[in-house]
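In: Got a sequence here, can you build the structure:
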Amino acid sequence: MRTGIVVPVYNEKKYLEAVIREVLEINIDKKVFLVDDGSDQETRNIIKKIKNIEVITHKTNQGYGAALISGFKKAIEQNCDFIITIDADRQHLPHRIPEFLKYIKEYDIVSGSRYHRNAKILTPPPSERKYVNFLIQRVLFYLTGIKITDAFCGFRAYKREFLKDIDLKEKGYAFPLEMWYYVYKKKARLKEIPCELYYPEKKDFPGNIKNKKQRLAYYKSVLENLFKRNLEEIFSRAKKEIEDEYFSD
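Out: This is a model prediction of the structure:
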């Protein structure tokens with residue numbers, strides 16, 4: 001059974017070659033799809049040197065979700081049975097891929113969690129990212145009843161059958177929220193497994209979602225559109241609860 005490994009890339013010069021090399025060294029039947037989401041010329045020069053991968057190129061930057069959607073489409077077209085997503089910024093360690101594959105045979109989606117009780121903490125998380133993640137986890141629980149410990153980890157495995165009929169549209173960083181919506185709607189079999197909590201360097205979100213308040217407003221609007229309801233009350237309740245539980249002095 002073939003695994004498609006989708007690697008979204010936007011100006012990931014520092015770690016890109018090492019990550020792809022480690023992915024290629026894993027001894028499984030695989031095809032690596034690198035999605036260049038409008039990277040700068042320096043990154044594209046690095047990509048040109050990498051062999052044994054298929055490159056999907058966006059001429060301009062379309063967004064994290066758009067890169068994954070392009071990768072999914074190509075992997076499905078090429079009849080990959082399982083699809084792994086892994087970032088190119090070294091937050092995800094490729095040697096963990098076989099563990100995801102071990103579980104995906106029994107589930108529709110296997111999602112990595114940096115906040116799982118058994119996750120190894122290599123670096124402390126940025127406090128604002130942890131706050132946003134915990135808040136969205138709680139909101140998703142109230143909307144779906146699904147208990148997760150990491151709403152935004154991009155290290156995941158999917159069954160082809162789960163992805164092939166989903167009409168994914170979210171092109172930005174709220175893409176994981178749309179995926180959780182379909183996990184809920186399709187009653188998907190979900191497994192969360194621990195992965196390393198690791199931020200090798202400080203990175204900001206781009207543009208108008210760099211600010212935490214604006215980023216939460218963006219996530220809220222995406223969830224309201226997906227679930228067709230006003231979520232002001234749920235967000236307020238979740239905010240109070242997580243601040244009392246995790247972020248009180």
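In: list the buried ones in the longest helix seen in the chain?
Out: Secondary structure of the chain per DSSP state H: the longest helix is helix 127-144. By 16 or more other CB atoms under 10 Å, the buried positions in helix 127-144 come out as 129-140, 143. From N, CA and C alone the C-beta is placed, and that goes for glycine too.
In: List the contacts of it.
Out: Contacts to helix 127-144, defined as CB atoms under 8 Å, 6 or more residues apart in numbering, come from residues 115, 146-152, 177, 180-181, 183-184, 212, 215-216, 219, 223, 227, 231, 234-235, 237-239, 241-242, 246-247.
In: after that helix comes which helix or strand?
Out: Past helix 127-144, further along toward the C-terminus, the next helix or strand under DSSP states H and E is strand 156-159.
In: which other helices and strands contact that next one?
Out: strand 82-85, helix 97-104, strand 109-113 (3 or more CB pairs under 8 Å, 6 or more residues apart in numbering; DSSP states H and E).
In: Quick check: mean pLDDT of the shortest one?
Out: Right, the one you point to is strand 82-85. Mean per-residue pLDDT for strand 82-85: 98.
In: and what of stretch 143-159?
Out: Average pLDDT, stretch 143-159: 98.
In: pLDDT at the residue nearest to Tyr10 when sequence neighbours are not counted, what is it?
Out: In space, and not counting its chain neighbours, Tyr10 is closest to Asp37: 4.6 Å by CB to CB, 6 or more residues apart in numbering. Per-residue pLDDT puts Asp37 at 98.
In: and if you look at the one 4 residues further on?
Out: According to the prediction, Gln41 has pLDDT 96.
In: returning to what we had before: hmm, the residue nearest to Tyr10 is touching Gln62, no?
Out: Yes. Because the distance of 5.9 Å satisfies CB atoms under 8 Å, Asp37 is recorded as touching Gln62.
In: Glu192: which of the buried residues of helix 127-144 is nearest?
Out: Comparing these against Glu192 with CB to CB places Gln137 closest, at 10.9 Å.
In: Compare Asp37 and Gln62 (neighbour count), which wins?
Out: Higher neighbour count among Asp37 and Gln62: Asp37, with 26 against 17, using other CB atoms under 10 Å.
In: circling back: pipe the helices and strands packed on strand 156-159 into CSV and attach mean neighbour count and distance to Val23 per row.
Out: As requested, the helices and strands packed on strand 156-159 are arranged in CSV below (neighbours: other CB atoms under 10 Å; distance: least, CB to CB, whole Å):
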stretch, mean neighbour count, distance to Val23
strand 82-85, 26, 9
helix 97-104, 18, 7
strand 109-113, 24, 15
